[in-house]
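Colleague: how would this look folded up:
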Amino acid sequence: MYTIAALYHFTRFADPAAIKPALLELCLTHEVKGTLLLAGEGINGTIAGPRAGIDAVIAHLRALPGCDALEWKEATSETPPFPRMKVRLKREIVTMGQPDVDPASKVGNYVAPADWNALIQSPDVAVIDTRNDYEVAIGTFDGAIDPQTKSFGEFPAWWEENKHRFHNKKIAMFCTGGIRCEKSTNYLLGQGVEDVYHLKGGILKYLEEVPQEDSTWEGDCFVFDARVSVGHGLREGPHVLCHGCRQPILPQDMQRPEYEHGVSCHNCFDQTSDWDKDRFRERQKQIKLAEARAQEG
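Modeller: Okay, the predicted model is just below:
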């Protein structure tokens, strides 16, 4: 059984590059795999491995300067969710492209999962899904507004174009695990919006804690690991990943004529060139060769 830990923490790292070597070595030593992003604003990522390994990495992270309050969410998987371990240096741990945004200074009001339904069902509250369009497509909260953004960096422009819709409204926002809302709520506060709320722990915490019979969530939640999607109780969902466009599809979508394993699906078939598809086919060929060599070894 593999333990999966999704985590993020905003703090000021004076030298993120200095943190990387020991962190990567610790993960490799304990057979922990996944991706961790380091930037001047903090750390973000999802890792998986044996229980003892995850405990060791979490303890190491919480011992870093300013990270003693780091929180994480856990799930389990019967199969390894990640093929390798990566620790990457980035300009932002979640890219918004707004240099003045600083979640470490101030964010919106946290709302516990148990209190979320009452808030979003209030008539003076506008609920905004801050995730990307392909994530929203497979599940969201009843009545939530979909900005139809393809990346989080598009959110500020969307807000600027649509803010007139929310005059005299309280704003409640949510995302997968909470990290995007740390930035989006700080951004709205900076834009002069007074009543800003966000779901503490994100959709994942809501699906973990709120019983399905009381839930206002509809569909599944996209996750950035081999599970692809999860539902209530964080049970693994039915979706698989198209490795051509990295978007979730259902098993029945694999029967459509546009689908070719590792190359395309109905979402991306018309979006990639023949050259792209040939490149993806070569990638699949190399993956199969690598798998065959591993089995022979």
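Colleague: Please pull out the lowest mean pLDDT helix or strand from the protein.
Modeller: Among the helical and strand segments of the chain, the one scoring lowest on mean pLDDT, DSSP states H and E is helix 274-296, with a mean of 85.
Colleague: Could you list the buried residues of that helix?
Modeller: By neighbour count with 16 or more other Cβ atoms under 10 Å, helix 274-296 contains the buried residues Lys277, Phe280. Using the backbone N, CA and C atoms, a C-beta is placed for each residue, glycine as well.
Colleague: Using PDB, list the CA coordinates for it.
Modeller: What follows is helix 274-296, C-alpha atoms only, in PDB (Å, rounded to 0.1, in the frame of the first residue of the first chain):
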ATOM      1  CA  ASP A 274       0.400  14.900 -37.700                       C
ATOM      2  CA  TRP A 275       4.000  15.700 -36.700                       C
ATOM      3  CA  ASP A 276       2.900  15.900 -33.000                       C
ATOM      4  CA  LYS A 277       1.100  12.600 -33.300                       C
ATOM      5  CA  ASP A 278       4.100  10.900 -34.900                       C
ATOM      6  CA  ARG A 279       6.200  12.300 -32.000                       C
ATOM      7  CA  PHE A 280       3.700  10.900 -29.500                       C
ATOM      8  CA  ARG A 281       3.800   7.500 -31.200                       C
ATOM      9  CA  GLU A 282       7.600   7.400 -31.000                       C
ATOM     10  CA  ARG A 283       7.300   8.300 -27.300                       C
ATOM     11  CA  GLN A 284       4.900   5.400 -26.800                       C
ATOM     12  CA  LYS A 285       7.300   3.100 -28.600                       C
ATOM     13  CA  GLN A 286      10.200   4.100 -26.300                       C
ATOM     14  CA  ILE A 287       8.000   3.600 -23.200                       C
ATOM     15  CA  LYS A 288       7.100   0.000 -24.300                       C
ATOM     16  CA  LEU A 289      10.800  -0.700 -25.100                       C
ATOM     17  CA  ALA A 290      11.800   0.500 -21.600                       C
ATOM     18  CA  GLU A 291       9.100  -1.600 -20.000                       C
ATOM     19  CA  ALA A 292      10.200  -4.700 -21.900                       C
ATOM     20  CA  ARG A 293      13.800  -4.100 -20.800                       C
ATOM     21  CA  ALA A 294      12.700  -3.700 -17.200                       C
ATOM     22  CA  GLN A 295      10.800  -7.000 -17.300                       C
ATOM     23  CA  GLU A 296      13.700  -8.800 -18.800                       C
END
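Colleague: What values do phi and psi take at Ile120?
Modeller: phi -70, psi -10 (degrees, to the nearest 10).
Colleague: What is the burial count for it?
Modeller: 21 (other Cβ atoms under 10 Å).
Colleague: Break the protein down into its domains, please.
Modeller: Using automatic domain parsing, the domain ranges for the chain come out as 2-89, 109-219, 239-297.
Colleague: distance between the ends of the longest one?
Modeller: It stands for domain 109-219. 26 Å (Cα to Cα, to the nearest Å).
Colleague: now the domains of the chain as TSV including distance to Val101?
Modeller: What follows is the domains of the chain, written out as TSV (distance: least, Cβ to Cβ, whole Å):
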stretch	distance to Val101
domain 2-89	9
domain 109-219	5
domain 239-297	26
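Colleague: Among those, which comes closest to Gly231?
Modeller: domain 109-219 (6.7 Å; Cβ to Cβ).
Colleague: tell me the mean pLDDT over the closest one?
Modeller: Throughout domain 109-219, pLDDT has a mean value of 95.
Colleague: Give me the distance from that domain to the chain's centre.
Modeller: 14 Å (Cα atoms, centre = their mean, to the nearest Å).
Colleague: Assess the claim that Arg88 and Leu36 are in contact.
Modeller: Yes - under the criterion of Cβ atoms under 8 Å, Arg88 makes contact with Leu36 at 7.4 Å.
Colleague: Tell me which of these two has more neighbours.
Modeller: Leu36 (24 against 13).
Colleague: now the more buried one: how far from Met254?
Modeller: 32 Å (Cβ to Cβ, to the nearest Å).
Colleague: Show me what Met85 is bridged to.
Modeller: Gly34 (DSSP bridges).
Colleague: Enumerate every residue touching it.
Modeller: Counting by Cβ atoms under 8 Å, 6 or more residues apart in numbering, Met85 touches Leu24, Cys27, Leu28, Val32, Lys33, Gly34, Thr35, Ile47.
Colleague: now, among these, which is nearest to Arg165?
Modeller: Nearest to Arg165 among the contacts of Met85: Thr35, at 35.8 Å, using Cβ to Cβ.
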